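In: coordinates only, sequence not included:
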């Protein structure tokens, strides 16, 4: 599956949590989201750093917490931040769906994708170790090859049927 095909497939299966997804579908979509987020993060940082540098160049104190906080809070209403939030919300369900389908392709329950999301949520409340372990474990699982043939989640997306070990 190509990069463009993966993106189209994931958006076409926006909230399809059943079935299976090949590694290429999952990782290309993940790459797409990551690349767009890097661009959006850069845009947000440019939006924040412009006023910050202007403040410092005009003789402002870089240790003035109230002004710095005001500059950061002002960036929340910037177009860059709004586009980032809209993109993140628009791609949240498709990335969860493709992760669940990826777990199905390896013969596992989609709940295994919660090792990633649960770790991410725990890192937000100050438990980063669990996030790292959960993310590494999910990456390991997502890199596994497809279960040959049809499994309980559907036919192999590669179109390969299970071969018998006793060929005469």
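Out: Great, that's in hand. Because the structure is predicted, anything quoted here is derived from the model rather than measured. Residues are numbered from 1 along each chain as shown.
In: Residue 96 versus residue 122, what's the distance?
Out: The gap separating residue 122 from residue 96 is 17 Å, by CB to CB, to the nearest Å. Backbone N, C-alpha and C define where each C-beta goes, glycine included.
In: I should have written residue 43 there, sorry.
Out: Applying CB to CB to residue 43 and residue 96 gives a distance of 25 Å.
In: Over to residue 10?
Out: 11 Å.
In: Tell me which of these two has more neighbours.
Out: residue 10 (25 against 17; other CB atoms under 10 Å).
In: Quick check: closest non-adjacent residue to the more buried one.
Out: Spatial nearest neighbour of residue 10, excluding adjacent residues (CB to CB, 6 or more residues apart in numbering): residue 29 at 4.3 Å.
In: Does the strand or helix carrying that neighbour pack against any helices or strands, and if so which?
Out: Using DSSP states H and E, residue 29 sits in helix 23-57. Here helix 23-57 touches helix 3-12, helix 65-75, helix 79-105, helix 128-142, going by 3 or more CB pairs under 8 Å, 6 or more residues apart in numbering; DSSP states H and E.
In: one more time with 7 Å, if that's ok
Out: helix 3-12, helix 65-75, helix 79-105 (3 or more CB pairs under 7 Å, 6 or more residues apart in numbering; DSSP states H and E).
In: Tell me how far the nearest residue to residue 16 once chain neighbours are set aside lies from residue 82.
Out: Spatially, and ignoring its direct neighbours in sequence, residue 16 is nearest to residue 97 (5.7 Å; CB to CB, 6+ apart). From residue 97 across to residue 82, the span is 24 Å (CB to CB).
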